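Visitor: Okay, predicted coordinates and the sequence, questions at the end:
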Amino acid sequence: MKIGIIGLPASGKTTLFNALTGGAARTGAYGGGQLHVGVAQVADPRVDALAAIFKPRKKTYATVDFADVPGLGTGEEGSAKRGADAIPPSLQGADALLLVARAFGDPGVPHPKGSVNPARDLAGVRLDLILRDMAVAERRLERLERSVALKKDPAEAAELAALKRVQASLDEGKPVSSAGLSEEEVHRLRGFGFLSAKPLLVAVNAGEEEIARTAAELGVAEEGAVVLCARLEEELAQLPEAEKADFLAGYGLERPARDRVVRASFALLGRICFLTVGEDEVRSWPIRRGDTALRAAGAIHSDLERGFIRAEVVSCEDFMRGGSMAAARDKGALRLEGKDYVVKDGDILNIRFNV
Ligand SMILES: Nc1nc2c(ncn2[C@@H]2O[C@H](COP(=O)(O)OP(=O)(O)OP(=O)(O)O)[C@@H](O)[C@H]2O)c(=O)[nH]1
Ligand SMILES: [Mg+2]
């Protein structure tokens, strides 16, 4: 699962990237336009609780990849940049976008538009995404129309029809995600990596004094927007584990924004986690909501999918009540499930397989 961080210059993208990934990429206004990629661990109290019981050699959390992508959303409509690289390669394969909208006012950090207005910036970046997609759609349409007229290839004709829908939606200023494409069409157009087709999570980067406010209070009406202070979070990420709780409490925060952002992206992308336990490793694994036990097995290793026999399943909650597999078995909480079983968030799985 990969998420691209976008937003205006000096909105705090790299700062947030550092906070999410524990990285130390260089920040600072107009920080050099570099692409950064990193990995964020998904905090999961279930992994910690299970590790306390199994005392494994290794504790592994699910992860999310983040890419901090500069040079997007400057709002310079029709800029020369919007040529072949209208959609940066680093974003083409992203599953979702995290848009940082700046709400902090800091005279030491000049705002590229001269004033702080997160709603305006949010709209500007959204428009930028649409314009970039338009450029890509237009270029492809031109060639495709010629080719379809000549060759009458049915696959190309289907692509042309889908692209025309995309273009119509973009022309109205609406994202590709509202073009009403069928699943098949979405699949057909996946290769383009249309930015406005991707799920979008908004992070409102507020000043330290304003982190208790809601997104709406900060002028952002976007549903599900996460309010955070990237600079605080960056500081927090550098602190020793033991000092983090005090630091958070000092700002009246319950948990790091990293957890909130990752959780929100999981929800946005319909991801859940299942768990595996043992003396070697306690681990959480991300899968799609609705995935079967067979898919889950495949997420661990292709051998487990190929040789799948059955899955032993117990919910983490039920397991914790007894505190051991034996207790779970005695209580009848441990079940045997087949390959079509739909895995639930927090299920502990043990795959029986034979290859
Ligand atoms: N006061 C304050 N400053 C912040 C906050 N977040 C980031 N900054 C500062 O703003 C400046 C720009 O932050 P960056 O993270 O480099 O911003 P960016 O979006 O990556 O900028 P570009 O890479 O130039 O597009 C840095 O000096 C940060 O320390 C915040 O929440 N409050
Ligand atoms: Mg940056």
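Guide: Arrived safely. Ligands and ions are numbered 1, 2, ... in the order given.
Visitor: Going by C-alpha atoms from here, please, whenever you check contacts or count neighbours.
Guide: OK.
Visitor: what ranges do the helices span in the stretch 251-355 of the chain?
Guide: In the stretch 251-355 of the chain, the segments counted as helices under DSSP state H, counting those that start in this stretch are 257-268, 293-300, 302-306, 316-322, 325-330.
Visitor: again with the chain
Guide: All helices of the chain, identified by DSSP state H, fall at 13-21, 45-54, 89-92, 118-151, 154-171, 183-189, 230-238, 241-250, 257-268, 293-300, 302-306, 316-322, 325-330.
Visitor: Report the mean confidence score over the second one.
Guide: For helix 45-54, the per-residue pLDDT values average out at 96.
Visitor: Return the residues of the stretch 201-350 of the chain in contact with ligand 1.
Guide: 205, 206, 207, 229, 230, 231 (Cα under 6 Å from any ligand atom).
Visitor: shaky segments in the chain?
Guide: Confidence mapping of the chain against pLDDT under 70 gives the ranges 29-32, 73-85.
Visitor: if we go to 50?
Guide: Counting by pLDDT under 50, the chain contains low-confidence ranges at 77-80.
Visitor: quick one: furthest residue from the center of it?
Guide: For the chain, the residue at maximal distance from the C-alpha centroid (Cα atoms, centre = their mean) is residue 150, at 41.3 Å.
Visitor: how deep is the closest residue to residue 288 other than its chain neighbours tucked in, by neighbour count?
Guide: In space, and not counting its chain neighbours, residue 288 is closest to residue 271: 4.4 Å by Cα to Cα, 6 or more residues apart in numbering. Look at residue 271: counted by other Cα atoms under 10 Å, it has 19 neighbours.
Visitor: in stretch 93-112, what counts as buried?
Guide: 93-104, 110-111 (16 or more other Cα atoms under 10 Å).
Visitor: typo on my end, stretch 300-308
Guide: Under 16+ other Cα under 10 Å, the buried positions of stretch 300-308 are 304, 305, 307, 308.
Visitor: Check those against residue 46 and report the nearest one.
Guide: Of all the buried residues of stretch 300-308, residue 304 has the smallest distance to residue 46: 23.4 Å, by Cα to Cα.
Visitor: The nearest residue to the closest one once chain neighbours are set aside: neighbour count?
Guide: Leaving aside its chain neighbours, residue 304 sits nearest to residue 297 (5.3 Å; criterion: Cα to Cα, 6+ apart). For residue 297, the count of nearby residues is 24 (other Cα under 10 Å).
Visitor: hang on, residue 297 packs against residue 305?
Guide: Yes: between residue 297 and residue 305 there is a contact at 5.1 Å, judged by Cα atoms under 8 Å.
Visitor: Packed most tightly, which of the helices of the stretch 251-355 of the chain would that be?
Guide: Of all the helices of the stretch 251-355 of the chain, helix 293-300 has the most neighbours on average by mean count of other Cα atoms under 10 Å, namely a mean of 21.
Visitor: Convert that helix to PDB, retaining C-alpha atoms only.
Guide: The C-alpha coordinates for helix 293-300 follow below in PDB (Å, rounded to 0.1, in the frame of the first residue of the first chain):
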ATOM      1  CA  ALA A 293      -8.600 -16.800   4.000                       C
ATOM      2  CA  LEU A 294      -7.000 -18.000   0.800                       C
ATOM      3  CA  ARG A 295      -6.000 -14.400  -0.100                       C
ATOM      4  CA  ALA A 296      -4.700 -13.900   3.400                       C
ATOM      5  CA  ALA A 297      -2.600 -17.000   3.100                       C
ATOM      6  CA  GLY A 298      -1.200 -15.700  -0.200                       C
ATOM      7  CA  ALA A 299      -0.300 -12.400   1.600                       C
ATOM      8  CA  ILE A 300       2.000 -14.400   3.900                       C
END
